[in-house]
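Participant: Curious how this folds, go ahead:
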Amino acid sequence: MVRYGAKVQLVTGVDARAVVLVEGLSDRGAVEALAERRGRTLDAEGIAVVPMGGASNIGHFLDRFGPHGLDLRLAGLYDEAEVGYFRRGLERAELLPRFQESRSELALSEPSRAEMEALGFYVCVTDLEDELIRALDVDAVLEIVEAEGELGSFRTLQQQPAHQHRTVHEQLHRFLGTRSGRKIRYGRLLVEALDLSRVPRSLDCALAHV
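Facilitator: Here you go, the predicted model:
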């Protein structure tokens, strides 16, 4: 028989007491980078940051880590457009009461958002990369892109007809998302460049919850 602690370690990679559920690897890099900047050592604290491979998988991970599974302390980040997946997952896990509003109403519901925050789940508007660009401002992000040797690639994207009408903020957001590896790398780089007084609320609060 596998001990409870050993089972948690097998699933999360650490002897976890808490899990931060995020949509992808770039979000995990951002959470871990912020933890380092806040002077926290997540492994030592028994906190695992777990990428789910997309918001639609939230139910599976709540089954695994929630009250009907390993019963760990939970927190998470979700993109604004994915609130429905997270809300329904939390309902099925019996962490929230059933919600009767339609999907469109749910996306706009402040009471629903507050209930989810009380459980440690925070919304990123539009997504975490978008919030990080706003927190840094476009000039600071362009400096990071240049330091990474990718300013030429970004200028090429700006000249493409599909992007010429967009703001620099929107162009940067698109640029960061054009390659999965780039998105993962910049998730950490943007957090490392942040003034700690300007950390996006969703990111700061999800980490603080655990």
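Participant: Show me what counts as buried in the helix or strand containing L172.
Facilitator: Per DSSP states H and E: L172 is located in helix 168-176. Going by neighbour count (16 or more other Cβ atoms under 10 Å), the buried part of helix 168-176 is 171-176. Quick note: C-beta positions are derived from backbone N, CA and C, even for glycine.
Participant: Downstream of it, the next helix or strand is which one?
Facilitator: helix 180-193.
Participant: What residue spans form the domains of this structure?
Facilitator: 4-127+199-209, 128-197 (automatic domain parsing).
Participant: Just name the most buried of those.
Facilitator: domain 4-127+199-209 (a mean of 18; mean count of other Cβ atoms under 10 Å).
Participant: Quick one: mean pLDDT for that domain?
Facilitator: Across domain 4-127+199-209, the average pLDDT comes to 88.
Participant: residues contacting R113?
Facilitator: 83, 123 (Cβ atoms under 8 Å, 6 or more residues apart in numbering).
Participant: and it, helix, strand or coil?
Facilitator: At R113 the chain is in helix, as set by DSSP: H, G, I helix; E, B strand; the rest coil.
Participant: Adjust the sequence numbering to begin at 35 for everything that follows.
Facilitator: Fine by me, first position is 35 from now on; the one you just mentioned is R147.
Participant: Spell out the secondary structure type for E70.
Facilitator: helix.
Participant: That one and E125, how far apart?
Facilitator: 34 Å (Cβ to Cβ, to the nearest Å).
Participant: what do you get for S236?
Facilitator: In terms of Cβ to Cβ, S236 sits 21 Å off from E125.
Participant: likewise Y220?
Facilitator: For Y220, the distance to E125 (Cβ to Cβ) stands at 34 Å.
Participant: cool, and Q198?
Facilitator: Q198 is 43 Å from E125, by Cβ to Cβ.
Participant: which helices and strands sit right next to the longest strand belonging to the chain?
Facilitator: Longest strand in the chain by number of residues (criterion: DSSP state E): strand 107-113. With contacts defined as 3 or more Cβ pairs under 8 Å, 6 or more residues apart in numbering; DSSP states H and E, the packing partners of strand 107-113 are strand 52-56, helix 92-99, helix 117-126, strand 155-158, helix 235-243.
Participant: Compile these into CSV and extend it with columns for distance to G110.
Facilitator: Below are the helices and strands packed on strand 107-113 laid out as CSV (distance: least, Cβ to Cβ, whole Å):
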stretch, distance to G110
strand 52-56, 4
helix 92-99, 8
helix 117-126, 7
strand 155-158, 4
helix 235-243, 6
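Participant: now the helix holding L206 and helix 214-227, what's the angle there?
Facilitator: 130 degrees (axes from the mean of the first three to the mean of the last three Cα atoms, to 10 degrees).
Participant: Can you give me the pLDDT of T212?
Facilitator: Confidence score, pLDDT, at T212: 87.
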